[in-house]
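**Q** Okay, here's the prediction I keep looking at, along with the sequence it came from:
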Amino acid sequence: MTRHMTQDELKALVGDAATAWVQPGSVIGVGTGSTVNCFIESLARMPERIAAAVSSSEQSSLRLRKHGIPVLDANEVDALAVYFDGADEIDARGCMIKGGGGALTREKIVADMAARFVCIADASKLVTTLGRFPLPIEVIPMARALVSRRLRELGANPVMRPGFVTDNGGLILDVHGLSIPDPPALEAELSQWPGVVTVGVFARNRASVCLLGTPEGVRTIDF
């Protein structure tokens with residue numbers, strides 16, 4: 001009989017498994033969130049350390065530096081071999097909703113620098129159709145009402161994340177009531193709206209592989 005594992009245990013499991021995809025001495029991209037925190041703890045225990053990381057948030061940068069891992073500015077690095085990050089949802093094509101932690105803009109920048117995106121997640125994040133998790137959209141403050149009106153015209157319900165400002169000084173709209181059967185099309189459409197900084201649909205920068213924590217162990221899904 002398979003023992004029931006908590007979500008925290010599943011996150012720790014995939015955090016450990018992800019280190020097998022790390023080349024010692026390399027510079028890697030590191031995302032943001034609770035599963036990534038587990039990955040950073042596992043990185044710190046590697047006998048052969050990485051040279052440095054490019055981080056998607058101040059929170060992750062602090063954690064990396066706490067373990068003695070140098071953090072580079074993205075402008076100092078031409079390209080990354082691999083980027084490690086979690087997802088709020090991921091579908092069978094590797095398209096994701098990200099931004100629950102509010103770092104979606106920097107996450108998308110670092111993901112775009114990397115040749116490969118390794119998504120680390122627990123099994124609850126794998127869905128048939130994206131949209132059950134509210135879609136985060138970062139907007140400049142001036143455009144909050146404009147973007148909200150346009151989203152409501154699509155039948156969605158945007159809610160400003162209370163008391164939250166991104167590392168870039170933006171606001172987050174959490175968009176409820178969307179079903180996203182065509183993630184690339186929605187990402188392309190919303191990204192061109194004036195005032196939208198970043199849409200939390202990661203289709204252009206979708207995952208190359210997903211390490212999914214399940215009670216039976218870590219399942220590897222290639223896309």
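**A** Alright, I've got the coordinates. Numbering: from 1, shown residues only.
**Q** by contact count, what packs against the helix or strand hosting Phe39?
**A** Using DSSP states H and E, Phe39 sits in helix 34-44. When contacts are defined as 3 or more C-beta pairs under 8 Å, 6 or more residues apart in numbering; DSSP states H and E, helix 34-44 packs onto helix 7-18, strand 27-30, helix 58-66, strand 80-85, strand 114-122. (Each C-beta comes from the backbone N, C-alpha and C, glycine too.)
**Q** would you list those in TSV and tack on mean neighbour count?
**A** Listed next are the helices and strands packed on helix 34-44 as TSV, based on neighbours: other C-beta atoms under 10 Å:
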stretch	mean neighbour count
helix 7-18	20
strand 27-30	24
helix 58-66	17
strand 80-85	24
strand 114-122	23
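**Q** In a markdown table: the ones you listed, plus mean pLDDT and distance to Val139.
**A** Listed next are these as a markdown table, based on pLDDT from 0 to 100; distance: least, C-beta to C-beta, whole Å:
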| stretch | mean pLDDT | distance to Val139 |
| --- | --- | --- |
| helix 7-18 | 90 | 30 |
| strand 27-30 | 98 | 24 |
| helix 58-66 | 96 | 20 |
| strand 80-85 | 96 | 22 |
| strand 114-122 | 96 | 24 |
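**Q** nearest to Ala51, of those?
**A** Nearest of the helices and strands packed on helix 34-44 to Ala51, taken as C-beta to C-beta: strand 27-30 at 5.4 Å.
**Q** And the contacts of that closest one?
**A** If you take C-beta atoms under 8 Å, 6 or more residues apart in numbering as the criterion, strand 27-30 is touched by 22, 36, 39-40, 43, 50-56, 60, 64, 72, 77, 80-85, 110-111, 113-114.
**Q** ok, now with 7 Å
**A** When contacts are defined by C-beta atoms under 7 Å, 6 or more residues apart in numbering, strand 27-30 is touched by residues 22, 36, 40, 50-56, 60, 64, 72, 77, 80, 82-84, 110, 113-114.
**Q** if we can go back for a sec, can you check what angle separates the helix holding Phe39 from strand 114-122?
**A** Angle, helix 34-44 to strand 114-122, by axes from the mean of the first three to the mean of the last three C-alpha atoms, to 10 degrees: 110 degrees.
**Q** Please, where are all the strands along the chain?
**A** 27-30, 52-55, 71-72, 80-85, 89-90, 96-97, 114-122, 135-139, 157-160, 171-176, 196-199, 201-202, 209-214, 217-222 (DSSP state E).
**Q** Mind listing the strands the first one pairs with, and their directions?
**A** Meaning strand 27-30. Sheet pairing for strand 27-30, assigned by DSSP bridges, gives strand 52-55 (parallel), strand 80-85 (parallel).
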